[in-house]
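J.: Kindly generate the corresponding structure for this input.
(4 chains)
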Amino acid sequence: MADIVTLADAVRELVHDGDTVALEGFTHLIPNAAGHELIRQGLNDLTLVRMTPDVVYDQLIGMGAARKLVFSWGGNPGVGSLHRFRDAVEHDWPAPLALEEHSHAGMAAAYAAGAADLPFGLLRGYEGTDLVAHTRVGTVTCPFTGEELTAVPALRPDVGIIHAQQADRKGNVQLWGITGVQKETVLASSRSIVSVEEIVDELEPRPGAVVLPAWVIDAVAEVPGGARPSYAHGYYERDNEFYAAWDSISRDRDTFASWMREHVLGAVAA
Amino acid sequence: MADIVTLADAVRELVHDGDTVALEGFTHLIPNAAGHELIRQGLNDLTLVRMTPDVVYDQLIGMGAARKLVFSWGGNPGVGSLHRFRDAVEHDWPAPLALEEHSHAGMAAAYAAGAADLPFGLLRGYEGTDLVAHTRVGTVTCPFTGEELTAVPALRPDVGIIHAQQADRKGNVQLWGITGVQKETVLASSRSIVSVEEIVDELEPRPGAVVLPAWVIDAVAEVPGGARPSYAHGYYERDNEFYAAWDSISRDRDTFASWMREHVLGAVAA
Amino acid sequence: MTFTADEMMAVAAARRLTNDNVCFVGIGLPSVAANLARRTHAPRCVLVYESGTIGAKPGKLPLSIGDGELAETADAVVSVPEMFAYWLQAGRIDVGFLGAAQIDPNGNLNSTVIGDYARPKVRLPGGGGAPEIATSVADVFVMLRQTPRAFVERLDFKTSRGDRVRVVVTDLGILEPRDGELTLVGVHPGVAVDDVRAATGWKLAVADDVDVTAPPTGVELAALRSLESIVRE
Amino acid sequence: MTFTADEMMAVAAARRLTNDNVCFVGIGLPSVAANLARRTHAPRCVLVYESGTIGAKPGKLPLSIGDGELAETADAVVSVPEMFAYWLQAGRIDVGFLGAAQIDPNGNLNSTVIGDYARPKVRLPGGGGAPEIATSVADVFVMLRQTPRAFVERLDFKTSRGDRVRVVVTDLGILEPRDGELTLVGVHPGVAVDDVRAATGWKLAVADDVDVTAPPTGVELAALRSLESIVRE
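T.: I've put the predicted structure just below:
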């Protein structure tokens, strides 16, 4: 049953050095505030998981929190490269970053397998690509048709972290708009944290909403603006200027470090 | 792209003797009118597929339309047995009925596999039951953990038939309430027919709705009341008295036959 | 206050549920028991119906597992494939209620056929969700009326496995597995151990200390009757 | 009316789409081309974005594949696992646009690394949806600017397969596979075949009859510029 706590307490309680942590969001509802809290609490040696690692993962990687990244597309959407991610992969700065690279289809199937407590996800994929030689995939044979299919190991993060628009006072969570792979992230993870824009008396049913009952969530934290600079459908728009600005902030190690000191390390925990 | 036609034309055009046909619905939105149209058009030798065959399947079976039934629970919910189904299995009346029997979990995985164009669905299931010896299941081994899992052959009906609350004039379909396995039924089938309570100018987004775009549907037919005696959330309630009455109507072959003549064969096509 | 054997059965089963349970419910006796628990000592018990409704809080007793009110009052409604994969298979549901036509001494259940599978004497509805409920929940609670034809040494067909059956609540008493064999541990008021033996098709093991079930309280009976009086017609 | 090479490229790609297409769209040039097609000759072309939006009709050019307006204007929004399983893998999408950092003569693409995988010179964002788009849609349309560094004899990394690549639209011309090898079939106005040869890192095959692309019409250019002028800042 979800406890309603501060984000700082949720992270302190549920995330540990060395954990495999997935902070998911597909452009929308990216749990940026939670990522910053991981950085402020100095967590390290993390295996970070995300289909589309963007700015907040660039920050985690640039601050040396990550040992490994499991991902399928790592870039600054609509802008270009993630410079801290590149620096880690290309120059081991600030630390080497191991990669487990998949396709979107593979990651999505792996999360779904994790949510269903299956050991692998099944798809037609990866075939004829160089990814096969550099990642964890296998094959299974259909017992009916003899067709060989691709198997991806299920994703079972230690901690799944998402941001949603609302929770009620019992900790039931509702998100709507583009809901991506967030349900699967929570259900596939051993522990879960959901930051929300607001806690309301009652969740009003919404078209296209995903509702996660309180009893599959460990902690809910009210963090208004917790997805910024990404957006929260119905609350605020994406800060596209920040994403563009990140390109120059992150290009230089020192500029990056001083930006992080000022805007993340020095900030008050939510 | 969905054509908007009469139900009679849709069935005439898209369903043929010998086809594998799934009319799905989980208590809610059962396509009873479409089932009656299959009977009126004298279709036979059908393989009928449904997780929860109920009264309309009892009618199809009792009228001799089916050669085979693929199913997981065949009863009159809240009432008891399906007497025409029993008579077919126990006494070959009016014709022998081959069975391919699954569990709900297996059927659901098989529909999902069909919708995803995979040759089999993956689950932990059937294990240690006598079902294994009497149905089509196989095993696959996880290439990562060595665990042996159950494979069920994908369901790929020739025709999928569902009932929904609304379509718009382009043939986009929306259903809400308990939506069961209806999306998978349409997506897993080679051809599809959707009967709807009404055709509206614009689909208003609804909480919990499933929307199927027109381009995955072959035919949409406006059939108000097309789910009766089951219910259509927001339109009419389940006719529980009819389900109870079906028990005595269907118990006797002659009573059944005369009821069908009067209420189905003699009825005007929608 | 007088009560029927079926009422005692529903009350005894309801008592097994707690506020911490997430419970997979079928229609019939299990639905009565689970809804009774919610209206008495376990208001926070979460009811999950296989139609896809999670956290349903029906005001009336549903007649089918797909009643509209289950969707209207649920915390979330999911598709049937999602229900079986993400919720049941993933082990998120702790208690599953099952009924059956036959049960054997190991708690294995038959809801498929009486007689031979290919040419049965009685074709029953079939397993539905039972095969995977029986292996996915932590605790299986079985409810069925006790007769020698239902409690059989050897099933005509094994629809679901008995390993996770923790209790069998009947109209006569309560059985629990002891070293894998269902053993009489309780009788309902007014029922003798020999009555239960006579209603069992195998040589019934009986615990040393057979409890007598506490009769339904006034509160329980009132809640049960108000629930049943508003079953939809 | 004058126009840029990028404008010609967007227009030439847009012309390949028809009202009957269901098109998987990424951000950048493909999104420009697909939205341009919808605003000119193919208003009923269905746009699918991998974020889960089916039938999106954005009024502005989205800056990311997950822009809120895509969800607001879509016929349906589905989860990302459903998008890849039920929609892409199931073959419901006929056209997929892909970009890349490198392409080889067989239409294989690299969007993963320049240099060695373990210690790359340039770590690119990676494949994202590309590996399965390339094998699940009927027709892959590639858009990328033509330079000798992009058009290479041998990829540093094969991110996606080229078998279903039907056309490569560049800022200089149009290539199509002939017997499996990308062959120049068209040049944009003002571009010489030798210009394209010089911008290609392999010995470019040239069709016997190289078309000259019709320049953008006034309608096309106006639609394109109005689309781009309302890109969100």
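J.: Tell me the residues on chain C that lie near chain A, please.
T.: With Cβ under 8 Å from any Cβ of the partner chain as the criterion, chain C meets chain A at residues C:22, C:46, C:54-55, C:75-76, C:85-86, C:89-92. The C-beta positions use only the backbone N, C-alpha and C, and glycine is treated the same way.
J.: Repeat the analysis, applying 10 Å as the threshold.
T.: Applying Cβ under 10 Å from any Cβ of the partner chain, we find that chain C lies next to chain A at C:19-20, C:22, C:44, C:46, C:48, C:54-55, C:72, C:74-78, C:81-82, C:84-92, C:136.
J.: what about the strands in the chain?
T.: This is for chain A. Secondary structure of chain A by DSSP state E: the strands cover A:3-4, A:20-23, A:46-50, A:66-71, A:98-101, A:120-123, A:138-141, A:148-153, A:159-168, A:173-175, A:191-200, A:210-212, A:219-222.
J.: meant chain C actually
T.: Using DSSP E, the strands of chain C run over C:22-25, C:46-49, C:53-54, C:76-77, C:95-98, C:102-103, C:109-110, C:113-115, C:120-123, C:139-143, C:165-169, C:173-178, C:181-187, C:205-212.
J.: from the chain's centre, how far out does the helix-or-strand element of chain C with minimal mean pLDDT sit?
T.: When each helix and strand of chain C is scored by mean pLDDT, DSSP states H and E, helix C:68-73 comes last, with a mean of 87. What separates the centre of helix C:68-73 from the centre of its chain is 22 Å, taken as Cα atoms, centre = their mean, to the nearest Å.
J.: Give me the below-cutoff pLDDT ranges for chain C.
T.: Scanning chain C for pLDDT under 70 picks out C:229-233.
J.: Tell me the residues on it that lie near chain D, please.
T.: Residues of chain C lying near chain D (Cβ under 10 Å from any Cβ): C:79, C:82.
J.: all helices of chain C, in order?
T.: Along chain C, counting by DSSP state H, helices occupy C:5-14, C:29-39, C:68-73, C:80-82, C:130-136, C:193-198, C:218-229.
J.: Now those in TSV, please, with extra columns for mean neighbour count.
T.: Formatted as TSV, the helices of chain C follow (neighbours: other Cβ atoms under 10 Å in any protein chain shown):
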stretch	mean neighbour count
helix C:5-14	23
helix C:29-39	24
helix C:68-73	20
helix C:80-82	26
helix C:130-136	27
helix C:193-198	15
helix C:218-229	16
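J.: so which of the ones you listed comes closest to B:Leu60?
T.: B:Leu60 lies closest to helix C:80-82 among those, at 21.5 Å (Cβ to Cβ).
J.: now check the closest one, is it near chain B?
T.: Yes - Helix C:80-82 reaches chain B (Cβ under 10 Å from any Cβ) through C:80-82.
J.: quick one: which of those residues is nearest C:Val165?
T.: Relative to C:Val165, the closest of these is C:Val80; by Cβ to Cβ it sits at 24.8 Å.
J.: The closest one against B:Glu184, yeah?
T.: Yes - counting by Cβ atoms under 10 Å, C:Val80 touches B:Glu184, with 8.2 Å between them.
J.: So for the two, which residues contact both of them?
T.: Both C:Val80 and B:Glu184 are contacted by B:24, B:107-108, B:111-112, under the criterion Cβ atoms under 10 Å, 6 or more residues apart in numbering or on different chains.
J.: quick one: which of the strands of chain A is nearest D:Leu172?
T.: strand A:98-101 (31.8 Å).
J.: buried residues in that closest one?
T.: For strand A:98-101, the neighbour count (16 or more other Cβ atoms under 10 Å in any protein chain shown) marks A:99, A:101 as buried.
J.: C:Ala222 and chain D, how far apart?
T.: From C:Ala222 across to chain D, the span is 45 Å (Cβ to the nearest Cβ, to the nearest Å).
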